[in-house]
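S.K.: Just to be clear, the model below is a prediction. Sequence and coordinates:
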Amino acid sequence: MMLPAAIELDLPITVLATDPSESAARVAHDVRLGRHDDADAVRALAATCEVLTFDHEHVPPAILEGIVAEGLAHVRPGPHALVHAQDKLVMRRRLTALGHPCPRWSEAADPAALATALGELGGRAVVKTPRGGYDGHGVRVVSDAAEVADWWGTGGPLLVEELVPFTRELSAQVARRPGGEAVAYPVVQSVQRDGVCFEVVAPAPDLEPGRARAIQELALAIAADLDVVGMLAVELFETADGTVLVNELAMRPHNTGHWSMDGAVTGQFEQHLRAVRDLPLGDVTPLAPWAVMVNLLGGTREDLAAGAAEAMALDPGITVHLYGKGVRPGRKVGHVTVIGADREDLLRRAHRAERTIIEGGIQDRNDGVDGSGSGTDGRA
Ligand code: ADP
């Protein structure tokens with residue numbers, strides 16, 4: 001999704017892809033085949049580029065450190081920043097040292113340490129593998145150390161966190177240039193389903209302006225403290241008394257920012273390119289009072305293009321994004337966005353479009369097609 005913005009700005013992009021069937025490889029003009037964890041492949045790419053950036057966080061730090069040390073290319077975000085999005089323990093240690101709000105947490109190097117931590121957290125906790133997790137993989141709510149028996153010996157201690165009784169999840173996105181210029185998008189509300197982001201409302205409803213500003217300031221402070229270049233998403237928990245705690249960081253365009261592609265003057269993919277290329281940042285003002293983004297998570301229907309045609313016929317006001325991925329149950333295969341003034345109507349329309357594309361056969365009716373995400377019921 002960076003490619004359309006790159007075309008508009010005439011920024012030539014070379015994509016490193018493992019397989020020619022990957023989404024980006026299918027649409028990019030210039031593709032190199034190779035793995036993101038193969039030092040030779042990443043270094044060969046870097047040698048042809050001015051700036052190396054990412055659409056996921058799994059490139060090993062040592063490869064990037066070598067590229068920086070040898071001056072092969074600018075790496076943005078740099079490995080010293082990126083490690084906080086790659087390793088949740090490194091992130092917790094650093095944010096805590098900086099005084100940024102986190103859930104109560106500890107490290108457990110073995111089952112006995114985890115049992116002790118569980119005792120201190122009331123018998124139940126969230127256990128995470130520090131590296132390699134995504135979309136809820138590597139995150140378990142446990143009440144017995146035996147429930148993560150398969151995670152020991154996979155490298156280093158596990159992260160143990162209190163089970164935060166959050167009322168909702170928020171996300172604050174900022175973009176930052178190498179010199180420190182930064183902008184903050186409106187804080188959004190995200191709803192997860194089975195650990196996967198499902199629905200985003202921008203801006204977050206019922207968030208008092210002063211608190212929204214404070215959350216934006218927190219995200220800007222984290223970006224500056226960690227010297228992030230590019231897009232940074234700070235995923236947050238909000239609790240009943242209005243406290244916010246940082247859940248995790250992403251240093252790239254993020255699912256909770258997809259609304260901005262259609263709902264803000266400058267979308268997050270263009271903004272990321274501007275930031276990493278050290279170009280002036282774009283205006284982040286929303287184009288409408290509300291934007292609703294709903295993910296298309298794979299179901300039984302294979303032919304998403306047919307579903308999209310149905311949804312577009314039903315509602316010309318929605319924007320459909322299909323990723324060109326094979327459909328597997330629960331896999332993110334696209335998203336829809338709709339912007340306007342009536343939030344409840346936008347939620348209804350976005351969920352109706354999502355069901356239509358994924359399942360088909362949905363008519364223009366109001367009886368329960370608006371999905372589970374518009375209220376508190378659908379929240380994880
Ligand atoms: P991932 O790397 O898969 O995105 P996260 O750390 O964001 O993993 O966790 C996935 C989801 O699990 C979160 O969006 C949230 O719903 C839930 N979760 C994670 N940590 C906690 C916690 N400490 N307390 C309560 N829920 C949590």
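M.R.: All right, it came through fine.
S.K.: element containing the residue of the stretch 201-350 of the chain found nearest the ligand, please.
M.R.: Taking Cβ to the nearest ligand atom as the measure, the stretch 201-350 of the chain has Glu248 as its residue closest to the ligand, at 4.7 Å. (Each C-beta comes from the backbone N, C-alpha and C, glycine too.) In this assignment (DSSP states H and E), Glu248 forms part of strand 244-250.
S.K.: could you say what helices and strands that strand packs with?
M.R.: Counting by 3 or more Cβ pairs under 8 Å, 6 or more residues apart in numbering; DSSP states H and E, the packing neighbours recorded for strand 244-250 are helix 79-86, helix 88-98, strand 166-176, helix 209-225, strand 230-239.
S.K.: helix or strand right after that strand?
M.R.: Once the chain leaves strand 244-250, the next helix or strand it forms, by DSSP H and E, is helix 259-263.
S.K.: can stretch 188-201 be found next to the ligand?
M.R.: Yes. Using Cβ under 6 Å from any ligand atom, we find that stretch 188-201 touches the ligand at 192, 195.
S.K.: how far does that stretch sit from the chain's center?
M.R.: Remark: stretch 188-201 is offset 10 Å from the chain centroid, using Cα atoms, centre = their mean, to the nearest Å.
S.K.: cool, stretch 133-153 as well?
M.R.: 21 Å.
S.K.: Any idea how far apart the tips of that stretch sit?
M.R.: With Cα to Cα, to the nearest Å as the measure, stretch 133-153 spans 16 Å from end to end.
S.K.: Show residues contacting that stretch.
M.R.: 56, 88, 110-112, 114-115, 118, 123-129, 132, 158, 163, 192, 194-197, 332 (Cβ atoms under 8 Å, 6 or more residues apart in numbering).
S.K.: Can you point out the buried residues in that stretch?
M.R.: For stretch 133-153, burial by neighbour count (16 or more other Cβ atoms under 10 Å) applies to 133, 135, 138-140, 142, 145, 148, 151.
S.K.: I'd like the average pLDDT over it.
M.R.: The average pLDDT for stretch 133-153 rounds to 88.
S.K.: near the ligand at all, that stretch?
M.R.: Yes. Interface with the ligand: stretch 133-153 contributes 133-137, 139 (Cβ under 6 Å from any ligand atom).
S.K.: The strand holding Glu248 pairs with which strands, and in what direction?
M.R.: Here strand 244-250 is paired, per DSSP bridges, with strand 230-239 (antiparallel).
S.K.: and the angle from the partner strand to helix 79-86?
M.R.: 40 degrees (axes from the mean of the first three to the mean of the last three Cα atoms, to 10 degrees).
S.K.: just to revisit the earlier point, quick one, which of the contacts of stretch 133-153 are buried?
M.R.: Buried residues within the contacts of stretch 133-153, counting neighbours by 16+ other Cβ under 10 Å: 88, 114, 118, 125-129, 158, 163, 192, 195-197, 332.
S.K.: of those residues, the lowest pLDDT goes to which?
M.R.: pLDDT across those is lowest for Gly195, at 81.
S.K.: Quick one: residues contacting Ile63.
M.R.: Neighbours of Ile63 in contact, by Cβ under 8 Å, 6+ apart: 37, 39, 42-43.
S.K.: what's stretch 295-310 in contact with?
M.R.: So stretch 295-310 is in contact with 193, 196-199, 255, 320, 322, 327-336, 354, 356-360, 362, going by Cβ under 8 Å, 6+ apart.
S.K.: Filter the residues you listed down to the buried ones, PyMOL style.
M.R.: This is the PyMOL syntax for the buried subset of these, where burial follows 16+ other Cβ under 10 Å:
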select buried, resi 193+196+197+198+199+255+320+322+327+331+332+333+334+335+336+354+356+357+358+360+362
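S.K.: Can you list which of the contacts of stretch 295-310 are found in helices?
M.R.: 354, 356-358 (DSSP state H).
S.K.: So what pairs up with Val338 in the strands?
M.R.: Beta-bridge partners of Val338, counted by DSSP bridges, are Val292.
S.K.: For it, report the pLDDT, please.
M.R.: Reported pLDDT for Val338: 98.
S.K.: Which residues of the chain lie near the ligand?
M.R.: Counting by Cβ under 6 Å from any ligand atom, the chain sits next to the ligand at 103, 126, 128, 133-137, 139, 161-164, 169, 192, 195, 235, 247-248, 380.
S.K.: so where is this structure shaky, pLDDT-wise?
M.R.: 135, 361-380 (pLDDT under 70).
S.K.: The same query, at a cut-off of 50, please.
M.R.: Applying pLDDT under 50 to the chain picks out residues 365-380.
S.K.: Can you tell me the closest non-neighbouring residue to the residue sitting nearest the centre point of the chain?
M.R.: Centroid-nearest residue in the chain, with Cα atoms, centre = their mean: His254, separated by 3.2 Å. Of all residues not flanking His254 in the chain, Ala233 sits nearest, at 3.6 Å (Cβ to Cβ, 6 or more residues apart in numbering).
S.K.: Which strand residues bridge that neighbour?
M.R.: Residues in beta-bridge contact with Ala233 (DSSP bridges): Gln173, Ala250.
S.K.: What's the local residue count around it?
M.R.: 25 (other Cβ atoms under 10 Å).
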